[in-house]
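Q: Give the three-dimensional model of this entry:
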Amino acid sequence: MNSFIEELKWRGLFADMMPGTDEQLDKEMTTAYIGFDPTADSLHIGSLIQIKILAHFQQHGHKPIALVGGATGMIGDPSGKSSERNLLDEETLLYYVDCLKNQLSRFLNFEGNETNKAELVNNYDWMKNISFLDFAKNVGKNITVNYMMAKDSVKKRFSGEAGADGMSFTEFTYQLIQGYDFLHLYQNNNVKLQMGGSDQWGNITTGTELIRRKAQGEAFALTVPLITKADGSKFGKSESGENYWLDKKKTSPYKFYQFWRNATDTDAERFIKFYTFLPKEEIEALTEDHKTAPHERKLQKRLAEEVTVWVHGREEYEKALKASEILFGKSTAEDLMELDEQTFLDVFDGVPQKEVIKSEVLGVNIVDLLSEKTGFLKSKSEATRELKGNSISVNKEKVNEVYTANESDLIDGKFLLLQKGKKNYFIVKAI
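A: The predicted structure is shown next:
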């Protein structure tokens with residue numbers, strides 16, 4: 001078996017492939033691509049598998065191409081969708097394309113003189129000059145409507161399955177445009193393989209059929225499974241439905257780290273194969289070690305480390321690790337003071353917060369700050385009592401009745417963290 005396909009299989013990242021794919025990979029260095037549609041200004045963790053497949057492909061000596069769908073993004077892929085996407089205006093779309101290009105360039109090796117160095121392409125570059133009539137004549141006539149209607153992504157929309165409400169002509173043409181991408185890359189970049197999620201099988205094989213009919217050539221398809229959690233729920237979203245983004249401005253490295261750190265044992269065993277580059281023997285040893293003391297969560301910690309370092313770098317991982325220890329009392333006041341605003345708010349998510357004019361925070365006696373200024377404690381007498389009982393901390397350090405906050409005490413220049421006992425927190429935002 002081809003080494004690339006063998007690696008995908010032991011990692012659980014293989015769904016299907018066209019006959020002859022493994023022979024093609026054994027025969028020569030093969031160029032393959034995966035498409036990423038610019039639906040936002042950042043990729044999210046749902047895209048990590050596709051990125052990782054391209055990285056594995058390159059590690060096994062083949063040439064990866066990441067395609068950013070500047071053209072297809074204008075339409076929207078109907079695969080796995082029950083309703084039409086909202087179309088983006090051109091200015092927004094071009095901005096999203098640039099954002100995705102910058103992100104993808106971090107994960108693949110585009111440098112050097114190696115014959116298998118990665119490439120980045122935008123399908124808008126070759127689609128923008130094709131007229132509708134030319135497309136209908138030169139592409140559309142090679143694929144029948146019957147063939148297109150037989151695809152699952154189309155059938156589900158027309159059958160009304162899962163509340164689907166039909167399909168516009170715009171989305172109906174998506175598989176033809178994606179198929180033409182494959183034909184263009186086959187003819188101009190020697191691409192012989194397209195890879196993607198299992199929901200892309202229909203779109204990918206439309207491309208191989210177009211290559212067969214239009215160019216009398218042979219091309220191949222390979223898909224990976226769609227990832228879900230062990231309980232069947234959708235992977236990559238929080239309980240409230242928000243995405244975990246790869247851009248640290250949209251999802252802090254701390255929050256990103258915590259996502260992996262909080263994986264169940266069953267998911268951690270799967271995810272460490274899916275999302276890290278650790279070799280098989282090391283993963284097996286880690287898994288066995290974890291089973292002897294699951295409460296130590298060694299598997300989750302290593303998983304979180306590997307993926308956070310891969311996406312955000314070692315420095316951001318170290319910061320996220322320090323931040324994660326703050327709630328468990330394993331960090332110093334200095335660690336707290338080093339947090340940026342987003343990480344601080346993520347660490348103390350759900351903690352009551354009040355905005356107070358800065359002049360009523362700095363230089364104000366702690367008794368007044370705890371009671372009248374913030375309402376953290378009900379009265380001055382309660383504040384005095386708790387202070388005498390040594391149960392009040394500011395920024396994780398115990399304080400007494402004579403304490404007053406100054407500018408240097410503000411976390412990221414604007415926050416104070418008040419605390420009564422071990423778990424009763426309150427955030428003051430100085431404005």
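Q: Could you list the low-confidence segments of the stretch 201-350 of the chain?
A: Applying pLDDT under 70 to the stretch 201-350 of the chain flags the ranges 233-234, 236-240, 329.
Q: the helices in it, which residues?
A: Shown for the stretch 201-350 of the chain, the helices assigned by DSSP state H, counting those that start in this stretch span residues 201-215, 253-261, 265-275, 280-292, 298-312, 314-326, 333-337, 341-347.
Q: deepest of those helices, which one?
A: By mean neighbour count, with neighbours taken as mean count of other CB atoms under 10 Å, helix 253-261 ranks first of these at a mean of 23. Where C-beta positions appear, they are placed from N, C-alpha and C, glycine not excepted.
Q: what's that one packed up against?
A: Counting contacts by 3 or more CB pairs under 8 Å, 6 or more residues apart in numbering; DSSP states H and E, helix 253-261 is packed against helix 298-312, helix 314-326, helix 341-347.
Q: would CSV of those helices with distance to G35 be doable?
A: Putting the helices and strands packed on helix 253-261 into CSV (distance: least, CB to CB, whole Å) gives the following:
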stretch, distance to G35
helix 298-312, 20
helix 314-326, 28
helix 341-347, 31
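Q: so which of those gets nearest V139?
A: Nearest of these to V139, taken as CB to CB: helix 298-312 at 37.2 Å.
Q: who's in contact with that closest one?
A: 48, 107, 246, 248, 253, 256-263, 265, 268-269, 271-272, 275-278, 286-287, 289-290, 316-317, 320-321 (CB atoms under 8 Å, 6 or more residues apart in numbering).
Q: can we see that at 6 Å?
A: By CB atoms under 6 Å, 6 or more residues apart in numbering, the surrounding residues in contact with helix 298-312 are 246, 253, 257, 260-261, 263, 268, 271-272, 275-276, 286, 289-290, 317, 320.
Q: so F376 touches L370, yeah?
A: Yes: under the contact definition of CB atoms under 6 Å, F376 touches L370, with a separation of 5.3 Å.
Q: These two: who's more crowded?
A: Shown here are F376 and L370; by other CB atoms under 10 Å, L370 has more neighbours (28 against 22).
Q: Break the chain down into its domains, please.
A: According to automatic domain parsing, the chain is divided into the following domains: 3-224, 253-336, 350-430.
Q: between the ones you listed, which one is nearest to F235?
A: Closest to F235 of the domains of the chain is domain 3-224 (CB to CB; 7.0 Å).
Q: Next, the distance between the ends of that closest one.
A: Terminal residues of domain 3-224 lie 16 Å apart, using CA to CA, to the nearest Å.
Q: Once you drop chain neighbours, what's closest to R212?
A: Using CB to CB, 6 or more residues apart in numbering and skipping the chain neighbours, the partner closest in space to R212 is E218 (6.9 Å).
Q: tell me, how many neighbours does that neighbour end up with?
A: Counted with other CB under 10 Å, E218 comes out at 13.
Q: hmm, who's touching the strand or helix carrying L54?
A: Using DSSP states H and E, L54 sits within helix 48-59. For helix 48-59, the external contacting residues (CB under 6 Å, 6+ apart) are 32, 34, 64, 107-108, 195, 224.
Q: With stretch 208-216 instead?
A: 142, 179, 183, 186, 217, 219, 221.
Q: In PyMOL, select just the buried ones from the residues you listed.
A: In PyMOL, a selection of the buried entries from the contacts of stretch 208-216 looks like this (16 or more other CB atoms under 10 Å):
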select buried, resi 142+179+183+186+219+221
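Q: Dump the contacts of stretch 208-216 into TSV; add distance to G413 as well.
A: As requested, these are exported to TSV (distance: CB to CB, whole Å):
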residue	distance to G413
N142	62
G179	54
L183	55
Y186	55
G217	61
A219	56
A221	53
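Q: So which of the contacts of stretch 208-216 sit within strands?
A: In strands, judged by DSSP state E, the following of those are found: A221.
Q: Of all pairs in the contacts of stretch 208-216, which one is the farthest apart?
A: Most distant of the contacts of stretch 208-216, by CB to CB, are N142 and A221, 17.4 Å apart.
Q: measure stretch 112-130 end to end?
A: 34 Å.
Q: can you give me the strands for the stretch 101-250 of the chain?
A: Per DSSP state E, counting those that start in this stretch, the stretch 101-250 of the chain carries strands over the ranges 119-122, 191-197, 220-224.
Q: would you turn the ones you listed into a markdown table with distance to L13?
A: Below are those laid out as a markdown table (distance: least, CB to CB, whole Å):
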| stretch | distance to L13 |
| --- | --- |
| strand 119-122 | 22 |
| strand 191-197 | 10 |
| strand 220-224 | 5 |
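Q: Identify the residues contacting the host helix or strand of F4?
A: F4 belongs to helix 3-11 when assigned by DSSP H and E. The contact list for helix 3-11 (CB under 6 Å, 6+ apart) reads 14, 22, 25, 60, 273, 280.
Q: List just the nearest of these to M74.
A: Closest approach to M74 among those (CB to CB): F14, at 31.8 Å.
Q: My understanding was that V428 contacts T374; is that so?
A: Yes: V428 is within contact range of T374, at 5.5 Å (criterion: CB under 6 Å).
Q: got the contact list for the residue nearest to K396 when sequence neighbours are not counted?
A: Spatial nearest neighbour of K396, excluding adjacent residues (CB to CB, 6+ apart): A333 at 4.8 Å. By CB under 6 Å, 6+ apart, A333 lies in contact with 395-397.
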